[in-house]
Every structure is written in C-alpha cells, then in structure tokens.
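> Below is the sequence, then the predicted model.
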Amino acid sequence: MDTYDSKTASRIVGVSLRQLQYWDEQDFIRPSIKLAEGRGTKRLYSFHDLICLRVMKDLAHHGLSLQKIRRCLRPLKEHSSQTEHPAESLKYLTDGEELFIITDDRQKILAAIERRFVVSLGIGNLVRELDSQAKGAVLGARRKRAKSQRLEEKRSGSA
C-alpha cells in the first residue's frame, strides 16, 4: 500500500499544508497511516484519506459548512472497508445548503430531485483522477531517489 506524506498529499489533493494540518487538528480528516506526534513529525496518508480530503475540498469549495461536510464523510469512511476503491459508487448532490447522498432508495432520490441543485459530485471520477495523480507522485519520488542514489554512487566511485 502506498503512503503519502503531507507535502505529497497537499500537492495531489490541491490544498495547502496548513489546511491539511487544520483538518487533522479539528478531527475532520486525520491521516490513517501515521498521525503527527509533535513538531517535525510526518503525517502519512492512505489513498482513501486522499479521497476524503478531495471530497472535503470540493464540497467546501461549493459552500457547504464544515459540519455538513463532516456528516457527508461518514458514509465515505464506512464504505472504506468494502473494496479497493469502495467509494466510487457514491454520489453527492448539493444546493450549497443541503447535502444528499444518492442511494438505491428511489424515494430519497425523488425527494432530493424536487430541490434545486448547484453541484453533483461523483466520487468515481474523483477516485480515478486522484489515482492517476498519486501514481505520478509515487513514480516521481522513486525516480528522484534513484537519481540521488546514482549521483552518490558516482561521487563515492570517483573518490
């Protein structure tokens, strides 16, 4: 399983390091691999954490309060143990005030559609986008380590 430090997670998700720290401190989304243990320690995030972070970012961008977003993250976290990308089937609708999770319950969907919606957030596309960005970040880090290793070997060989 790949892990992502705060700097990498920040770049992939598109939020500042300070935003990640704040969301962790406020217990919105905490890194599931390794929590910060004081000044100078690294937070380590899983891919599922990146999904939750991106959903949080997108919903906040569309004007939802942090309390409503917290409620929306519960089903996302509950789906996390079901499959490799468990949340891909989830879809949220919002009008900036209310948040609806689209389910197989036809009555809930019809009740939600009667309202005016501003945004529809499909988690599947978000997961595929993050997966691509995360793979690129991991590959880039591996290349950087390999290059550093080659330079070190070159220096020690010429000494």
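Sure thing, it's come through.
> So for the lengthiest helix in the chain, mean pLDDT?
Ranked by residue count under DSSP state H, the longest helix found in the chain is helix 123-158. Confidence over helix 123-158 (mean pLDDT, whole number) is 81.
> Ok, stretch 71-87 next?
Mean per-residue pLDDT for stretch 71-87: 60.
> Buried residues in stretch 145-159, which are they?
Going by neighbour count (16 or more other CB atoms under 10 Å), nothing in stretch 145-159 comes out as buried. Yep, even glycine has a C-beta here, placed from its N, CA and C like the rest.
> go on, stretch 32-40?
Going through stretch 32-40 with 16+ other CB under 10 Å, the ones that come out buried are Ser32, Ala36.
> still on that earlier bit, what helices or strands is the longest helix of the chain leaning on?
If contacts are counted by 3 or more CB pairs under 8 Å, 6 or more residues apart in numbering; DSSP states H and E, helix 123-158 sits against helix 6-13, helix 47-61.
> Packing partners of the next helix-or-strand element following the shortest one?
Next along the chain after helix 6-13, taking DSSP states H and E as the criterion, comes helix 17-25. For helix 17-25, the contact count by 3+ CB pairs under 8 Å, 6+ apart identifies helix 6-13, helix 47-61 as packing neighbours.
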